[in-house]
Each structure stands twice: as structure tokens, then as C-alpha cells.
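Colleague: Predicted model and sequence below, questions to follow.
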Amino acid sequence: MAAVLRLLIVDDSKVDAELLLHTVRGAGYETSHEVVATPEAMRAALESRDWDVITSDHAMPQFSAPDALEVAAQMRPDIPVIVVSGEIDLDLAVSLMKAGARDYVPKTKLPRLVPALQRILREREIRDKRQRAEQTLQVSERRYRRLFEAARDGILILDAETGQIVDANPFLVEMLGYTKQELLRKKLWEIGSFYDVIAWKLVFAELQDKGYIQYEQLPLETRERKQVTMECVCNVYLVDDRKVIQCNIRDANKRQQLEVKAVSAALKEIRDRP
């Protein structure tokens, strides 16, 4: 299926507009187009619908390419403008490009319009893909941040090369009793029961090597020196070509209490059966 090109043509000559359309259609494009020749008509066309490309003649009785560029810049700066002029003047072409035109095609060399259109449409496709990717990433980051902030497990993010704490979620901050600012100034082996620096540097080296470590009974110590036993799972992954470590930390005592309650409830249900 041929690509449909939404083309706004600024030109006071119907013949020239038809020649332009013939050239574009000859390159395989179907067109949805409108021809305007005054500032008012161009503004109305820009307000009424979206356009892929604007082409503009240079000099018309009631309009000009510089005026068309100004209108486009005011109303739809995202739509590229190609000047298609009967005048062959290098200085004019340069001045129009400086004023915002994406290309300059003499009417005597109209076939040059096709590669100009192809290049502009290809650049727009690349830009749109990049914007969609950025939007997807932003949505993903916002979703992750919401989960990170609301998680009922402690989450610790470390620099995988140095062990420096780069982020900690509110649950972990509350669990260990440090402020977030205090945690961000420390390395893994500088918090709680990680004071055994040699042992924890060996653990850190193992984590760097394997990319994954799990502890079911990890003794930690809060800022107030209270002993707590945690489950801990750490993974290494890449963020923007930078290795980070994410440690998910859960209170093992609470899990054990829940397991005991679940077993007791199951036994009671068995005993109560007729």
C-alpha cells in the first residue's frame, strides 16, 4: 500500500501545485493535500488538521516563503517546510534555510523534491521512535519508582564497583533507623552488622563475580544497635551501561511468624473436621 502524505501546499499557481503533486505521486505517495495562497488560509489549514510537510513558493502576490515560515514557526514548528521556488538563487536559498526552511528545491528541478521528502520523513520517523522510546522509559521509571517507594520490603541500591549506597526505599530507612541521607553517605559494609569489613568485602566480591546472592538468615543491626534477622536477595544488573546491585531485604522473623500462624491454622482446621 502506498504511503499517504499529508501535504500542505502554499502556492498561488494551480498549475505549479499540480506539477508538484504529480511529482510526489510519481514517487509512490498517495496525497491528502490542500493548496493555500494567503496567510489566513494557511492558518486555517494548520488549525484544522495535522500535516506531514509544508511546501511553499517563494514569492506570491499576497504571501511569501519567509511569511509562510513565520506562520509555521508560530503555529506548528514541528512541521517541516520545504521552499519550492521558481527563483534559482543560492543566496536566497541560504537565507531561507537560515529562516527555518528544511530544504530548497527549484521548480525547474522538481524531481529533487522526492529525496528531500524522503529524508525529512525518515528523520521524523527516527525522531518519533526515539520520543516513543523515551516516553516508554519515563513511564517505566515512574512505575518502578512508585513500586520502589511503596514496597513493603527493604530495597537497597548499590554501585556494583564500589559498594556505595546510591538509593534506599522508605521501608528500609524505617527498618534500619537511619535517615536516607545517612545511608547515601555509606558503603554496604558500613551499616548495621556489616562492620565486619573483611567478611563483607568477601561477600561483595562473590556478588560481583556471580551476580546473585541469597541469605535466609542475615543478622543486621539497626542504628540503635537492635539486632534483627533478615532475608536478603541481591542481584547485579545494568542501568545505562553501569552495573548496580539491588538488594531486597525482608524481616525473616515476620515471615517465620506468618508461617507458624499458617501451620497452626491448618492444624486447627484438621482438628475441627467432623
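Modeller: Done, it's in. Residues are numbered from 1 along each chain as shown.
Colleague: Show me which strand runs longest in the chain.
Modeller: strand 227-239 (DSSP state E).
Colleague: Show me what it packs onto, helices and strands only.
Modeller: helix 197-210, strand 212-221, strand 242-251, helix 252-272 (3 or more CB pairs under 8 Å, 6 or more residues apart in numbering; DSSP states H and E). To be clear about C-beta, it is placed using only N, CA and C from the backbone, and glycine gets the same treatment.
Colleague: mind checking how far the helix or strand harbouring residue 5 is from the chain centre?
Modeller: Here residue 5, judged by DSSP states H and E, is contained in strand 4-10. Put simply, strand 4-10 sits 30 Å off its chain's centre (CA atoms, centre = their mean, to the nearest Å).
Colleague: what do you get for stretch 71-88?
Modeller: Counting by CA atoms, centre = their mean, stretch 71-88 comes out at 29 Å from the chain centroid.
Colleague: Equivalent analysis for stretch 95-104, please.
Modeller: Counting by CA atoms, centre = their mean, stretch 95-104 comes out at 30 Å from the chain centroid.
Colleague: returning to that earlier point: pull up the pairing partners for the longest strand of the chain, direction included.
Modeller: strand 212-221 (antiparallel), strand 242-251 (antiparallel) (DSSP bridges).
Colleague: immediately after the longest helix along the chain, which helix or strand?
Modeller: As assigned by DSSP state H, the longest helix anywhere in the chain is helix 113-150. Counting by DSSP H and E, the next helix or strand C-terminal to helix 113-150 is strand 154-159.
Colleague: packing partners for that following strand?
Modeller: strand 165-168, helix 170-176, strand 242-251.
Colleague: got the angle for that strand vs strand 212-221?
Modeller: 120 degrees (axes from the mean of the first three to the mean of the last three CA atoms, to 10 degrees).
Colleague: Tell me the buried residues in strand 154-159?
Modeller: If you call a residue buried by 16 or more other CB atoms under 10 Å, then strand 154-159 has these buried ones: 154-158.
Colleague: And for stretch 73-93?
Modeller: Quick answer for stretch 73-93 (16+ other CB under 10 Å): 76, 79-85, 92-93.
Colleague: out of those, which one sits closest to residue 179?
Modeller: Using CB to CB, residue 76 comes nearest to residue 179 of the buried residues of stretch 73-93, at 49.3 Å.
Colleague: Surely the closest one touches residue 49?
Modeller: No: the criterion here is CB atoms under 8 Å, and residue 76 misses it with residue 49 at 10.6 Å.
Colleague: now for the buried residues of stretch 73-93, which pair is the farthest apart?
Modeller: Top of the distance list for the buried residues of stretch 73-93 (CB to CB): 76 and 92, 23.6 Å.
Colleague: residues in contact with the helix or strand harbouring residue 17?
Modeller: Using DSSP H and E, residue 17 falls within helix 14-26. Outside helix 14-26, the residues within contact range by CB atoms under 8 Å, 6 or more residues apart in numbering are 5, 7, 9, 11, 31, 33, 35, 55, 57, 84, 86, 107, 110-111, 113-114, 117.
Colleague: Before I go, just wanted to say thanks for your time.
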